[in-house]
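Undergrad: no FASTA, just this:
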């Protein structure tokens, strides 16, 4: 992903903060504290014209929601390296940290490659797309009336699968190390010129899924990349760009 950002989209290498398990710097290991600080860092001081990217590839889970703000009754979560002792990062916190403060003129793309990640940013609208590419927008605004969109900025979340699905890994990309299937499909769509619009990107990613991982998981669940946003739009007309 770093290679794609720096070479295809010309993000300066100095603008990229990476947290990995292989790091020796204790501040760059994906613990709950470090991941929280990285989320704050991402949006700190952002100005109109800025384009922000949050990419997560790792474990995801969900937990029971008790305030009635989730359509399926569950909060989606990210699992830091130390989640068994420090707890998970819940979608409400992610939304409050990097979505709601985002000012007009700033664009954020979250690319989240984990299980149960369909609405991991808690954004108001989900693009429900059929196998043939027809789509409609689902309204996921909380019944409480709380606005969980941005403060005027554009936010797009491209996630690995629906909230009830699991994601998988593949060795297709490097032939040696495992890569998240969704990350692989995202890179493939862009590298092969199939991401001119948000609609073509999602369709292309879904078409590549069977090649990368065989198409199904235990229990017969299909891994279907999802798109959620702050506002509805024509997904086949709006150009995609990071």
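TA: Noted; the coordinates are in hand. All of these numbers come straight from a predicted model, not from anything done at the bench.

Undergrad: just the strands in the chain please.
TA: 51-57, 60-64, 74-78, 89-90, 107-113, 125-129, 135-139, 154-159, 169-170, 179-180, 226-229 (DSSP state E).

Undergrad: Those strands: which one's closest to residue 31?
TA: Nearest to residue 31, of all these, is strand 89-90, at 10.6 Å by Cβ to Cβ. All C-beta spots, glycine's among them, are computed from the backbone N, C-alpha and C.

Undergrad: neighbouring strands for that closest one, and are they parallel or not?
TA: strand 74-78 (antiparallel) (DSSP bridges).

Undergrad: Could you pull up the residues touching residue 47?
TA: 105, 106 (Cβ atoms under 8 Å, 6 or more residues apart in numbering).

Undergrad: heads up, I number from 530, so please use that
TA: Okay, using 530 as the starting number, the last item reads as residue 576.

Undergrad: What distance do you get for it to residue 635?
TA: In this view, residue 576 and residue 635 are 7 Å apart by Cβ to Cβ, to the nearest Å.

Undergrad: Likewise for residue 657?
TA: Look at residue 657 and residue 635: by Cβ to Cβ, they are 27 Å apart.

Undergrad: Please apply the same query to residue 653.
TA: 17 Å.

Undergrad: any idea how far residue 551 is from residue 600?
TA: 37 Å.

Undergrad: the more surrounded of residue 657 and residue 635?
TA: residue 635 (21 against 13; other Cβ atoms under 10 Å).
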